[in-house]
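Show me the folded form of this:
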Amino acid sequence: MRQELLSLPKGLAEEVSKNLVMVARLIDEDPEQAYAYSRIALRLASRVAAVREAAGFAAYATQKYSEALAEFRAAKRMTGSVELWPVMADCERGLGRPERALAMAGEPEVQKLDKAGQVEMRLVAAGARRDQGQLEAAIVTLQSPELASSSVQPWTARLRYAYADALLAAGREDEAREWFGKTLEADKDGATDASDRLAELDGVEFVDAAVDLSDVDVDGDVDLEDEIADEDDEDDEDEAEIAAAERASDVAEYYDEDDEEYEPLEQSAADADPQDSGRDKA
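The predicted structure follows:
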């Protein structure tokens with residue numbers, strides 16, 4: 001990404017970089033704010049592949065699948081890389097087109113993916129099968145050497161979890177319990193909720209007793225008004241930060257107009273009338 005930004009004037013490169021950093025920082029905890037920062041970066045440097053990719057992931061995280069797919073396609077055209085192929089296929093699922101995702105799973109691009117990318121494509125294909133109500137086909141899709149391997153890779157937990165979840169959906173509870181257990185063995189970082197799923201299968205219920213003691217009055221009651229006020233203050237600070245970033249983008253945007261190939265970025269249909277099309281993932 002750094003190399004791509006070097007093609008921009010220094011001031012513009014710094015402004016774009018700041019917004020991309022905010023996208024990366026917020027995309028998991030606050031995807032809507034990450035999306036707002038991505039739109040600023042996109043207005044400033046739409047011809048940078050890293051910017052288009054970041055905008056795609058931010059749109060994907062907020063379930064703006066049509067917009068995400070357009071950005072991923074643009075990044076793919078710019079770089080010639082196929083690494084975004086699985087997430088592009090998952091966007092098709094998000095748009096309610098599982099048949100297109102399955103078609104992409106059979107394209108030559110899949111063979112060009114590294115092992116992690118191929119596993120991701122298998123997960124997307126299995127999800128597409130489930131979208132179509134084909135549970136057994138989804139289970140078969142996930143059965144692979146990677147699933148059977150005892151070697152733990154970065155994608156092992158997710159693959160085992162998807163398999164366990166598909167087994168449970170098909171009513172194969174004993175097998176599902178076994179594979180949730182195997183997921184837990186591979187999930188050292190707690191990326192999945194395999195432990196909770198195992199507990200559910202075993203009839204164990206957890207009660208969230210985590211309460212901030214500073215919000216408990218002398219009678220032992222939680223002061224909900226204080227909690228709500230704190231959340232409102234945080235929201236106000238976040239909105240002020242976004243507004244400041246947008247004002248900064250208006251100042252930096254003039255750089256592109258000196259470019260002979262400068263073309264103002266047209267407002268996307270997703271910006272004019274955003275449509276969320278959430279769906280369950282495998």
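
Could you report the distance from Ser46 to Ala68?
Ser46 is 15 Å from Ala68, where distance means Cβ to Cβ, to the nearest Å. (Each C-beta comes from the backbone N, C-alpha and C, glycine too.)

Neighbour count for those two, which is higher?
Ala68 (27 against 18; other Cβ atoms under 10 Å).

Could you confirm the more buried one falls within a helix?
Yes: according to DSSP: H, G, I helix; E, B strand; the rest coil, Ala68 belongs to a helix.

Make sure it is actually in contact with Gly56.
Yes: under the criterion of Cβ atoms under 8 Å, Ala68 makes contact with Gly56 at 4.8 Å.

what is in contact with the two at once?
In terms of Cβ atoms under 8 Å, 6 or more residues apart in numbering, Ala68 and Gly56 are both contacted by the residues Val87.

Need phi/psi at the spatially most central residue of the chain.
The residue lying closest to the centre of the chain (Cα atoms, centre = their mean) is Ala61, at 4.3 Å. Main-chain dihedrals, Ala61, degrees, to the nearest 10: phi -70, psi -20.

For Ser84, give its distance to Ser7.
Just so we're on the same page, residue 84 is Leu rather than Ser. Using Cβ to Cβ, Leu84 is found at 21 Å from Ser7.

what about these two, which has more around it?
Higher neighbour count among Leu84 and Ser7: Leu84, with 23 against 10, using other Cβ under 10 Å.

which residue sits closest to that one, ignoring its sequence neighbours?
In space, and not counting its chain neighbours, Leu84 is closest to Phe72: 4.7 Å by Cβ to Cβ, 6 or more residues apart in numbering.

ok, now Val110?
Met121 (5.3 Å).

if I look at that neighbour, how far off is Glu92?
12 Å.

just to revisit the earlier point, pLDDT score assigned to the residue nearest to the centre of the chain?
Note on Ala61: pLDDT of 98.
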